[in-house]
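1. Dropping the sequence and predicted coords here.
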Amino acid sequence: MIELLSVDGYELRYGEVQSTNIDLAIIDRTNKVCLCLELKWFIEPAEIREIEDRSKDLAKGVAQCKTLNKLYRQNDARMMQTVLGIDSGYSFLAAVGSVNWIGFGEVQDPEVPIIKVFHLVEKIKETGSLSETCRWLEGRDYLPLEDRDYSVIPAEISCGRWSTTWYGIKPLV
């Protein structure tokens with residue numbers, strides 16, 4: 001991420017703040033925008049136990065982002081001045097960036113986006129705007145929507161004398 005984004009003129013920072021840390025902050029000094037990321041990287045879950053563990057990890061990341069949001073609202077001097085070098089005039093967003101899994105619906109939070117890192121970097125590169133990317137994150141426009149990105153196709157399944165209606169997901173191109 002650092003390699004890909006530093007060439008676009010963004011300043012990248014990280015550091016410890018009150019009761020948590022900032023894994024990576026992407027700062028656009030020209031437009032006064034700061035996106036703080038809590039980074040997660042783990043093997044995609046394959047078992048129920050792993051799904052629960054990874055969901056807890058993502059939930060912890062969401063809680064850390066809420067701490068960062070609170071520190072921003074409180075104009076915390078250590079975070080704002082020492083670590084990030086920003087002031088209250090900056091647009092600020094904290095999000096969880098996962099390398100490979102964003103979890104199921106129950107771990108998603110209305111205040112804190114959870115997104116795959118490659119998807120985020122791709123959007124920043126595509127738009128050339130950290131401001132636009134943050135609005136995209138806040139609006140949850142990165143999440144797929146039925147009838148925009150996919151459709152649900154019912155399918156009849158039978159085995160012997162048992163049958164049921166299941167479903168399939170068809171991407172919309």
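-> Here it is on my side, so go on.
2. in the chain, which spans are helices?
-> For the chain, the helices defined by DSSP state H occupy 2-6, 48-73, 77, 117-127, 130-138.
3. out of those, deepest packed?
-> Counting by mean count of other C-beta atoms under 10 Å, helix 130-138 has the highest mean neighbour count of the helices of the chain, with a mean of 19. From N, CA and C alone the C-beta is placed, and that goes for glycine too.
4. Could you check the angle that helix makes with helix 117-127?
-> Going by axes from the mean of the first three to the mean of the last three C-alpha atoms, to 10 degrees, helix 130-138 is angled at 130 degrees with respect to helix 117-127.
5. Which residues does helix 130-138 contact?
-> Residues outside helix 130-138 that contact it (C-beta atoms under 8 Å, 6 or more residues apart in numbering) are 10, 26, 28, 31, 33, 35, 91, 93, 95, 113, 115, 120, 123-124, 127, 142.
6. returning to what we had before: so which of the helices of the chain is nearest residue 161?
-> Closest approach to residue 161 among the helices of the chain (C-beta to C-beta): helix 48-73, 29.7 Å.
7. and that closest one, average pLDDT?
-> Average pLDDT, helix 48-73: 94.
8. Name the nearest residue to residue 118, sequence neighbours excluded.
-> In space, and not counting its chain neighbours, residue 118 is closest to residue 99: 7.9 Å by C-beta to C-beta, 6 or more residues apart in numbering.
9. and what of residue 108?
-> What sits nearest to residue 108 in space, not counting adjacent residues and going by C-beta to C-beta, 6+ apart, is residue 114, at 6.2 Å.
10. With residue 76 instead?
-> The shortest distance from residue 76 to any non-neighbouring residue, by C-beta to C-beta, 6+ apart, is to residue 18 (6.4 Å).
11. For that neighbour, give me its contacts.
-> Residues near residue 18 by C-beta under 8 Å, 6+ apart: 67, 71, 76, 78, 79.
12. is it true that the third one touches residue 22?
-> If I follow you right, that is residue 76. No: proximity of residue 76 to residue 22 does not meet the contact threshold set by C-beta atoms under 8 Å, at 11.5 Å.
13. So between those two, which is more surrounded?
-> Comparing residue 76 with residue 22 by other C-beta atoms under 10 Å, the one with more neighbours is residue 22, at 23 against 18.
14. Run through the residues that contact the more buried one.
-> Counting by C-beta under 8 Å, 6+ apart, residue 22 touches 13, 14, 15, 16, 36, 37, 38, 68, 79, 83, 84.
15. repeat for residue 94
-> Residue 94 makes contact with 35, 36, 37, 38, 64, 65, 66, 68, 69, 72, 112, according to C-beta under 8 Å, 6+ apart.
16. low-scoring stretches of the protein, by residue?
-> For the chain, residues meeting the criterion pLDDT under 70 lie at 7, 45.
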